[in-house]
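**Q** dropping the sequence and predicted coords here.
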Amino acid sequence: MRTFMMLFSLLIMTQPANAETFDAIATVVNNEAISCYDIQHTTEATAAQLKQSGQVSLPSYAELKKRVLDTKVMKLLQVQEARRLSLSVSAEELNRAIKDTEEKNNLMPGQLEIALKQQGMDVDEYKATLKDQILIGKLINIAVRSKLQISEEALREYYRKYLADPKPRREVQLAQIFLPLKTDPSPETLAQVRNKARLIYQQLNEGKDFSQMVTLHSESQEREQGGVMGWFMQGSITQRFAAALELPVNTVSEPIRSPAGFHIFKALQERWQEAETFGESYDEVHARHILLMIPSTADDATRSKIRQRAEKIAADMQDADDEEFISRAKEASQGPSSERGGDLGWFKRGDMLPAFENAAFKLKAGETSGIVESSFGLHIIRVIASRHVNPNSFEAHRNKIQQILSNIEMQEKHPRWLARLKAKAVIKYFDCEGISSDKEPATQPQSQH
């Protein structure tokens, strides 16, 4: 369902444009402009989609326009940051994402493009939007997720608490209404946002529809999906939100303060996850790598130069010790693990691309590979250690626990990173004549309050 809703939101962003264009500027973000027409076009398309979805209470056109503008500003800021870090999306990565979208929505290969055309959508615009989404995902992994520090004790504590003696656990599907706060808000701003959160909570208790209140008020990234965040159980959500997991189905929490703002949660559904059953033992390797990416637009001469550089690095690393490999990875590797000296942690067969893992599992501890080519680029792999793993052991669950605890950290770190990104940007806003809030388009659905 989340994948379908993502597709739905992408469709809104790729509505066909009229032949007429406008030169007026809505905002300039770090010297890059967003046009008034772009804002108007997307606002009208979003308003029409909301009306078609059957929602009764809709935002005013001015509020909807403001949300569209805010969304586009945040997207542009992230795309600009990705460019600054020289990140890119290959044609293969884009095609893989389209294939995944088709599979998850039970579409046959090629049917997504047909569906887009039947809806009157521009396929190239859709692909450009999807490409930006992939690019932003890469950026977040590098700028936020790769910098998270999860302690060994935290990993082992999670294992002792939830996995050493596994028991059935309640899992809750949560949705949220999120009201953001600026970094270091004034007492007046803090009081204003807190009072708004309390009023929303009161209105929900008086019977207001949660999804409609999401549309009217929420600033979370999940608002296009009715505020739905996903399924959570104890240990998979930050401690300050843990009370939300105790909510009976169809009830809402009081406003909860986080460093990013105020959150109101609703428990949509519940289910019980049975204790895991474990399979056979397996082998793992702990490896580092140096990755040299090959741009999809590179010509033969450029590709040859990159390969020659990779061959030189591979030759240099054959007799190098681990410290020398770490230093070279930090200097030369273009992957997100470069800051960790190329450390990929422990992995088993099936976790990596076939070419990569086949090479890694052939190496002994302390050995370094030649060039290994994958869809990501050219790798030089060094195996640090290997082991045989009991599937019920802490080591077998380490990567899974690392992922869970990293996701918990991301629940707070990601909004704060976005706030900092916006705070350091130079953003100038302008009035858009002809699309002001007192001159709504004919397609605008009337707000019913």
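**A** Good, I have the coordinates. All figures in this text were calculated on a predicted structure; none of them were measured in a lab.

**Q** name the SS class of the closest residue to residue 146 other than its chain neighbours, please.
**A** Spatially, and ignoring its direct neighbours in sequence, residue 146 is nearest to residue 336 (4.9 Å; C-beta to C-beta, 6 or more residues apart in numbering). C-beta: built from backbone N, CA, C; applies to glycine. Residue 336 falls in the coil class when you classify it by DSSP: H, G, I helix; E, B strand; the rest coil.

**Q** change the start of the numbering to 29 and stick with it
**A** In the new count, where the first residue is 29, that last one comes out as residue 364.

**Q** residue 364: how many residues sit nearby?
**A** Residue crowding around residue 364 was assessed by other C-beta atoms under 10 Å; the count is 16.

**Q** that one contacts residue 169, doesn't it?
**A** Yes - in this structure residue 364 lies within contact range of residue 169 using C-beta atoms under 8 Å: 5.5 Å.

**Q** mind listing the helices for the stretch 229-378 of the chain?
**A** Using DSSP state H, counting those that start in this stretch, the helices of the stretch 229-378 of the chain run over 238-245, 328-345, 350-360.

**Q** what's the mean pLDDT across the first one?
**A** Confidence over helix 238-245 (mean pLDDT, whole number) is 86.

**Q** then that helix to PDB, C-alphas only?
**A** Output in PDB follows, covering the C-alpha atoms of helix 238-245 (Å, rounded to 0.1, in the frame of the first residue of the first chain):
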ATOM      1  CA  PHE A 238      -7.700  11.800  11.500                       C
ATOM      2  CA  SER A 239      -6.800  11.500   7.800                       C
ATOM      3  CA  GLN A 240      -8.500  14.800   7.100                       C
ATOM      4  CA  MET A 241      -6.700  16.500  10.000                       C
ATOM      5  CA  VAL A 242      -3.500  15.100   8.500                       C
ATOM      6  CA  THR A 243      -4.400  16.800   5.200                       C
ATOM      7  CA  LEU A 244      -5.200  20.100   7.000                       C
ATOM      8  CA  HIS A 245      -2.300  20.300   9.500                       C
END
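
**Q** which other residues reach that helix?
**A** For helix 238-245, contacts defined as C-beta atoms under 8 Å, 6 or more residues apart in numbering pick out 78, 83-87, 91, 203, 205, 207, 224, 228, 231-232, 248, 251, 254-255, 280, 294.

**Q** can you turn the buried part of these into a PyMOL selection?
**A** A single PyMOL command selects the buried members of the contacts of helix 238-245 (16 or more other C-beta atoms under 10 Å):
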select buried, resi 78+83+86+87+203+205+207+228+232+248+251+254+255+280+294
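
**Q** how near is residue 90 to residue 65?
**A** Distance from residue 90 to residue 65, counting by C-beta to C-beta, to the nearest Å: 17 Å.

**Q** quick one on the thing from earlier: for the residue nearest to residue 174, give me phi and psi.
**A** Residue 364 adopts backbone torsions of phi -60, psi -20, taken as degrees, to the nearest 10.

**Q** do you know the pLDDT at it?
**A** Predicted confidence (pLDDT) for residue 364: 84.

**Q** the one 10 residues further on now?
**A** Looking at residue 374, its pLDDT stands at 90.

**Q** residue 311 and residue 390: what is the separation?
**A** Distance, residue 311 to residue 390, by C-beta to C-beta: 12 Å.

**Q** how many residues are close by the residue nearest to residue 87 when sequence neighbours are not counted?
**A** Spatial nearest neighbour of residue 87, excluding adjacent residues (C-beta to C-beta, 6+ apart): residue 244 at 5.5 Å. When neighbours are counted by other C-beta under 10 Å, residue 244 registers 22.

**Q** how close does residue 244 sit to residue 261?
**A** Taking C-beta to C-beta, one finds residue 244 at 30 Å from residue 261.

**Q** over to residue 311?
**A** The spacing between residue 311 and residue 261, counted by C-beta to C-beta, is 30 Å.

**Q** out of these two, which sits in the more crowded spot?
**A** residue 261 (17 against 11).

**Q** so the more buried one bridges to which residues?
**A** Using DSSP bridges, the bridge partners assigned to residue 261 are residue 199.

**Q** which outside residues touch stretch 409-427?
**A** 183-184, 187, 191-192, 306-317, 345, 350, 353, 370, 373-376, 379, 384, 387-388, 391-397, 400.

**Q** residue 279 against residue 296, yeah?
**A** No - at 10.3 Å, residue 279 and residue 296 do not qualify as touching, with contact defined as C-beta under 8 Å.

**Q** of the two, give the one with the bigger neighbour count.
**A** Neighbour totals were compared for residue 279 and residue 296, and residue 296 leads with 19 against 13 (other C-beta under 10 Å).

**Q** tell me the contacts of that one?
**A** Residue 296 touches 200-203, 256, 277-278, counting by C-beta under 8 Å, 6+ apart.

**Q** need those in TSV with distance to residue 152, can you?
**A** Below are these laid out as TSV (distance: C-beta to C-beta, whole Å):
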residue	distance to residue 152
200	40
201	35
202	36
203	33
256	29
277	43
278	43
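
**Q** what's the closest of those residues to residue 160?
**A** Of all those, the one with the least separation from residue 160 (C-beta to C-beta) is residue 256, at 22.2 Å.

**Q** about what we covered before: just checking, which of the helices of the stretch 229-378 of the chain comes out with the lowest mean pLDDT?
**A** helix 238-245 (a mean of 86).

**Q** would you say residue 170 is within a strand?
**A** No - according to three-state DSSP, residue 170 belongs to no strand; its state is helix.

**Q** got the contact list for residue 315?
**A** Residue 315 sits next to 372, 375, 388, 391, 409-412 when contact means C-beta under 8 Å, 6+ apart.

**Q** inside helices: which ones of those residues?
**A** The helices, defined by DSSP state H, take in residue 388 from these.

**Q** just the contacts of residue 315 now: which is nearest residue 70?
**A** Proximity of the contacts of residue 315 to residue 70 (C-beta to C-beta) peaks at residue 372, which lies at 39.7 Å.

**Q** go ahead and confirm residue 438 touches residue 172.
**A** Yes - between residue 438 and residue 172 there is a contact under C-beta under 8 Å: 6.7 Å.

**Q** how is this protein partitioned into domains?
**A** Domain ranges of the chain: 30-174, 196-302, 310-417, per automatic domain parsing.

**Q** in TSV: the ones you listed, plus distance to residue 444.
**A** TSV is the format used below for those (distance: least, C-beta to C-beta, whole Å):
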stretch	distance to residue 444
domain 30-174	9
domain 196-302	6
domain 310-417	19
